[in-house]
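Novice: Please work out how this folds:
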Amino acid sequence: MSSDWAASALAWWHEAGVDTLVDEAPRDWLNPRPAAAPARVEAAPREAPPADLAAFQAWLLSSDGLPGASGGGTRVGPAGDPAAGLMVMVDMPSAEDVAAGTLLSGEPGRLFDRMLGAIGRGRDTLYLASLSPIRFPTGQLDGDDTATLAEIARHHVGLVAPAALLLFGDACAKALLGCTVPRARARWHELATPTGPVRTLATIRPEKLIGQPNLKKHAWEDLQLLREGLKG
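Specialist: Down below sits the predicted model:
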């Protein structure tokens, strides 16, 4: 083998990046070592909600850590009397609610007021809140965010500690009770919160009652159950 051929081969290897012929440690070239796993990136811990109700209400309206906050949508906070003994929860503000700045506005709100009047209540004798203070662009809760919103809602209910909680609609019932309204309604449940269990009912949301008036008899049954439960 000529020296010119050897020099040419070495020059080609050098250009290919081979700059050493022997490592200090032996290497099994037929069974290369697996590549190191990429470093695990830990997710930043989620901001803990305040343990004081007034501070928590302000946090709902300002925190960047809430699901949907990156969209910059208008928020609608809770309203009413936290000491009234009755807490009512919807899934999120409607488009009308965002415009009005209050939950359960428009025609659904008027029906809601009539439902309350039928059991001797008004908005001043309850505390009205939502799973999400932010309206999602689709009008529906994102499945990936529901668990986070449910955890925040349990914290919220625990701070209020009502004698009874009324959930409107499937989204609330599934998030907090694990089942839809048809399966959850007409009976009491106990919702676990950080400060103890809270007696909870689920019923049909006013928007659905407007579109399907035949369901009003079921909602009336639920309201009667609620009224009896609040007497105890």
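Novice: C-alpha from now on. contacts and neighbour counts both.
Specialist: Will do.
Novice: how about the helices in this protein?
Specialist: Using DSSP state H, the helices assigned to the chain run over residues 3-15, 53-60, 95-100, 106-118, 143-160, 170-177, 181-184, 206-211, 216-231.
Novice: Mean pLDDT and distance to A84 for those - can I get that in a markdown table?
Specialist: As requested, the helices of the chain are exported to a markdown table (pLDDT from 0 to 100; distance: least, CA to CA, whole Å):
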| stretch | mean pLDDT | distance to A84 |
| --- | --- | --- |
| helix 3-15 | 56 | 81 |
| helix 53-60 | 98 | 14 |
| helix 95-100 | 97 | 23 |
| helix 106-118 | 97 | 14 |
| helix 143-160 | 95 | 10 |
| helix 170-177 | 98 | 21 |
| helix 181-184 | 98 | 24 |
| helix 206-211 | 97 | 22 |
| helix 216-231 | 96 | 11 |
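Novice: For G196, which of these is the nearest?
Specialist: The closest of those to G196 is helix 143-160. By CA to CA, the value is 6.9 Å.
Novice: So which of the helices of the chain is the most surrounded?
Specialist: helix 170-177 (a mean of 22; mean count of other CA atoms under 10 Å).
Novice: do you know how far L166 is from V198?
Specialist: Computed as CA to CA, to the nearest Å, the L166 to V198 distance reads 10 Å.
Novice: Please disregard the earlier target; I meant S130.
Specialist: Counting by CA to CA, the gap from S130 to V198 is 16 Å.
Novice: Which one's more surrounded, the two?
Specialist: The residue with more neighbours, out of S130 and V198, is S130; 23 against 20, by other CA atoms under 10 Å.
Novice: got the CA coordinates for stretch 55-73 in PDB?
Specialist: What follows is stretch 55-73, C-alpha atoms only, in PDB (Å, rounded to 0.1, in the frame of the first residue of the first chain):
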ATOM      1  CA  ALA A  55     -58.900  37.900  48.300                       C
ATOM      2  CA  PHE A  56     -60.100  34.800  46.400                       C
ATOM      3  CA  GLN A  57     -62.800  36.800  44.600                       C
ATOM      4  CA  ALA A  58     -60.200  39.400  43.600                       C
ATOM      5  CA  TRP A  59     -57.900  36.500  42.400                       C
ATOM      6  CA  LEU A  60     -60.600  35.100  40.200                       C
ATOM      7  CA  LEU A  61     -60.700  38.500  38.400                       C
ATOM      8  CA  SER A  62     -57.000  39.000  38.000                       C
ATOM      9  CA  SER A  63     -55.000  35.800  38.100                       C
ATOM     10  CA  ASP A  64     -53.000  34.800  35.000                       C
ATOM     11  CA  GLY A  65     -52.900  31.200  36.200                       C
ATOM     12  CA  LEU A  66     -56.600  30.500  35.500                       C
ATOM     13  CA  PRO A  67     -57.500  28.300  32.600                       C
ATOM     14  CA  GLY A  68     -58.500  30.500  29.600                       C
ATOM     15  CA  ALA A  69     -56.600  33.500  31.100                       C
ATOM     16  CA  SER A  70     -54.200  33.700  28.100                       C
ATOM     17  CA  GLY A  71     -57.100  34.700  25.900                       C
ATOM     18  CA  GLY A  72     -57.600  38.000  27.700                       C
ATOM     19  CA  GLY A  73     -61.400  37.700  27.800                       C
END
